[in-house]
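J.: prediction below, plus the sequence it came from.
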Amino acid sequence: MKRITREEVSKQLVTDAYFEPGNHMVKIRQTIAVIAAWLFIFIPFLWLSIPVFFPTTADWLDFRIYFEERLAFWYLLIFTVRVLAAKQIVKTLDTML
């Protein structure tokens with residue numbers, strides 16, 4: 001069995017500036033970008049779910065739901081479930097390889 005040195009391993013592995021020591025601006029910028037991206041995903045979902053799950057609050061806000069909005073809500077739900085399922089499939093395949 002061949003012994004691998006640390007130098008050989010470091011050449012084979014991919015490095016990422018986010019996980020290296022220092023690089024604080026990269027960490028701040030990428031963290032803000034990820035949080036903003038997740039907010040862009042969840043805010044429409046939450047907005048469309050108000051009339052579905054909280055009808056009295058929707059009436060109080062004079063927020064009416066129409067067929068198109070209900071349809072968009074279900075599309076967002078299906079999209080979210082598929083993304084999470086695809087992520088789990090990729091994770092499973094990565095562990096198998």
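T.: Perfect, thanks for sending it. Numbers count the residues shown, from 1 in each chain.
J.: which helices and strands does the strand or helix carrying residue 37 pack with?
T.: Assigned by DSSP states H and E, residue 37 belongs to helix 24-53. Secondary-structure packing of helix 24-53 (3 or more Cβ pairs under 8 Å, 6 or more residues apart in numbering; DSSP states H and E): helix 55-60, helix 67-96. (Glycine included, C-beta is placed from N, CA and C.)
J.: that helix: which residues count as buried?
T.: Neighbour counts over helix 24-53 (16 or more other Cβ atoms under 10 Å) mark 48, 51 as buried.
J.: hang on, the earlier thing: among the helices and strands packed on helix 24-53, which comes closest to residue 4?
T.: Comparing the helices and strands packed on helix 24-53 against residue 4 with Cβ to Cβ, the closest turns out to be helix 67-96 (21.2 Å).
J.: one step back: return the distance of the helix holding residue 37 from the chain's centre.
T.: Relative to its parent chain, helix 24-53 has a centroid offset of 8 Å by Cα atoms, centre = their mean, to the nearest Å.
J.: okay, angle between it and helix 67-96 too, please.
T.: With axes from the mean of the first three to the mean of the last three Cα atoms, to 10 degrees applied, the angle from helix 24-53 to helix 67-96 works out at 130 degrees.
J.: show me where pLDDT drops low in the chain?
T.: Within the chain, the segments meeting pLDDT under 70 span 1, 65, 96-97.
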